[in-house]
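> everything below, folded, please.
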Amino acid sequence: MSSEARDDQHVGEGPGAELTSRLGYLLKHARLKLGALTAAALAPYGLDGRELAVLLVLAGCEPASQQQAARQLGIDRTTMVAHLDALEDKGLVARHPHAEDRRKNIVELTAAGRGILRDATQAGDDAERRFLAPLTEPAAQQLKDALHTLLTQPDR
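Below you'll find the model as predicted:
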């Protein structure tokens with residue numbers, strides 16, 4: 001049997017246990033699947049998941065400086081400015097100088113931003129529920145709790 005014929009036998013079979021038993025593979029592909037569902041859910045609102053995360057952080061700590069929001073998101077200043085530029089162009093956030101420290105910019109959601117945030121958050125939550133639907137509610141919560149524990153533990 002030629003090597004080409006052997007390769008054809010494996011087309012469409014999907015990954016084997018040597019991959020699907022690996023945590024890295026499972027996390028990556030779960031993230032890709034959730035990301036696709038979330039992207040489709042947020043598309044009608046003109047947002048992506050990163051922009052929704054920025055809006056969520058800003059809503060939780062308004063008024064916030066650009067630096068505070070970037071730290072909470074774990075992103076660098078340049079990336080934060082790019083996200084804020086995009087959100088400002090969409091009319092969802094407004095920036096203005098800090099009253100006491102003119103070197104800082106304060107970022108606040110606009111009325112349109114608060115409305116989009118409400119609707120987009122609901123759409124994102126619905127996408128997450130669809131993703132987790134094959135699990136029972138306790139199993140879905142256990143998965144989220146386990147991931148939270150892993151992410152909040154100090155590196156060893």
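> quick one: low-confidence residue ranges for this structure.
By pLDDT under 70, the low-scoring segments of the chain are 1-12, 62.
> which residues does the residue nearest the centre of the chain contact?
For the chain, the residue nearest the mean C-alpha position is residue 49 (4.3 Å; CA atoms, centre = their mean). Each residue near residue 49 by CB atoms under 8 Å, 6 or more residues apart in numbering is listed here: 35, 38-39, 42, 124. Heads up, the C-betas are built off the backbone N, CA and C, glycines and all.
> kindly report the same for residue 33.
Going by CB under 8 Å, 6+ apart, residue 33 touches residue 131.
> and it, how far is that from residue 40?
11 Å (CB to CB, to the nearest Å).
> one more: residue 14?
In this view, residue 14 and residue 40 are 23 Å apart by CB to CB.
> quick one on the thing from earlier: is it possible to get a markdown table of the contacts of residue 49 that adds distance to residue 63, secondary structure and neighbour count?
Formatted as a markdown table, the contacts of residue 49 follow (distance: CB to CB, whole Å; DSSP: H, G, I helix; E, B strand; the rest coil; neighbours: other CB atoms under 10 Å):
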| residue | distance to residue 63 | secondary structure | neighbour count |
| --- | --- | --- | --- |
| 35 | 30 | helix | 14 |
| 38 | 27 | helix | 23 |
| 39 | 29 | helix | 14 |
| 42 | 25 | helix | 21 |
| 124 | 24 | helix | 22 |
